[in-house]
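Q: Sequence and predicted structure are below.
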Amino acid sequence: MNTKTTSAEWMILAPCLLALGYVALIWNQLPATIVSHYGLSGKPDGWMPKENALLILTVATGLTYLLLRFLPRIDPKGRTQSALFLRIRFVVSLLLAATLTGLFYRATPTGGSRPGVGGLLALTCVAVAVLGNYMTTLRPNWVIGIRTPWTLANDRVWTRTHRLGGRLMVVGGLLGALLALLVPAPYTVGAVVAALLVVSLIPVVYSYVYFRQEKAHQSLS
């Protein structure tokens, strides 16, 4: 591994390592059991020992890093752009770090006094918007992107779908961030999830419709 690659990998790992460092600093302030899940109403509906929560999140973060680090090596198309993919991995790392930090911050006396989870949802939606910007120029591959049977079967369908899907992710992510901050607490999560579901489903339907159009056009040629 060359120096440039090593530096990039440390940059990707840095947010999660900083998040773990933050958890270590506040560890003694945390109660023995912390909230591990929030329902659609934004209210806690799951709890677990803080040790278990840290273990699960650390393992999930590590597995995500390893998957995104090594999956491109087995991509049959071999067309995952290294520079763009590194930026996408960095955004995912920031999101994982924010989730880990937010969960444990909410368990502290200071964080527990703050209402709702709108801030963390807003950060998630901003990450979706940033990823959407990258999706518009993503080349066909088997690792990341809007990987439906129709986009994987036709490069033109992939390109058109990702142009549309990427723009929708930007709009939906920014809209979701606004909803997370403005919609009253009992409806915050539902409103954000609904917005993100809509922008996720439209490209899937579009990829099928456009694939059928392309197939019909080819049959007439």
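A: Ah, there it is.
Q: Tell me where the model's unsure across this protein.
A: Scanning the chain for pLDDT under 70 picks out 1-4, 40-42, 77-81, 112-116, 220-221.
Q: need the helices for it, in chain order.
A: 3-26, 50-70, 82-107, 109-112, 118-135, 149-153, 155-182, 185-220 (DSSP state H).
Q: for the longest one, packing partners?
A: The contact analysis (3 or more Cβ pairs under 8 Å, 6 or more residues apart in numbering; DSSP states H and E) places helix 185-220 against helix 118-135, helix 149-153, helix 155-182. Where C-beta positions appear, they are placed from N, C-alpha and C, glycine not excepted.
Q: Can I get those in a markdown table including distance to Ser207?
A: Formatted as a markdown table, the helices and strands packed on helix 185-220 follow (distance: least, Cβ to Cβ, whole Å):
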| stretch | distance to Ser207 |
| --- | --- |
| helix 118-135 | 13 |
| helix 149-153 | 4 |
| helix 155-182 | 4 |
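Q: For the ones you listed, please prepare CSV with the additional fields mean neighbour count.
A: As requested, the helices and strands packed on helix 185-220 are exported to CSV (neighbours: other Cβ atoms under 10 Å):
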stretch, mean neighbour count
helix 118-135, 20
helix 149-153, 18
helix 155-182, 20
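Q: Any idea which of those helices gets closest to Pro44?
A: helix 118-135 (13.3 Å; Cβ to Cβ).
Q: Using CSV, write out every CA atom in the closest one.
A: Provided in CSV are the C-alpha atoms of helix 118-135 (Å, rounded to 0.1, in the frame of the first residue of the first chain):
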residue,chain,number,x,y,z
GLY,A,118,-34.0,15.9,14.8
GLY,A,119,-30.3,17.0,14.7
LEU,A,120,-29.0,13.5,14.0
LEU,A,121,-31.8,13.0,11.3
ALA,A,122,-30.8,16.3,9.7
LEU,A,123,-27.2,15.2,9.5
THR,A,124,-28.2,11.9,8.0
CYS,A,125,-30.2,13.7,5.3
VAL,A,126,-27.4,16.1,4.5
ALA,A,127,-25.2,13.0,4.0
VAL,A,128,-27.8,11.6,1.6
ALA,A,129,-27.7,14.9,-0.3
VAL,A,130,-23.9,14.8,-0.6
LEU,A,131,-24.0,11.2,-1.7
GLY,A,132,-26.6,12.1,-4.3
ASN,A,133,-24.3,14.7,-5.8
TYR,A,134,-21.7,11.9,-6.3
MET,A,135,-24.3,9.5,-7.7
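Q: So what's the gap between it and the chain middle?
A: On the basis of Cα atoms, centre = their mean, to the nearest Å, helix 118-135 sits 7 Å off its chain's mean C-alpha point.
Q: Show me the contact partners of it.
A: Applying Cβ atoms under 8 Å, 6 or more residues apart in numbering, the external contacts of helix 118-135 come out as 42, 84, 87-88, 91-92, 94-95, 98-99, 102, 145-146, 162, 165-177, 179-181, 185, 188-189, 192, 196.
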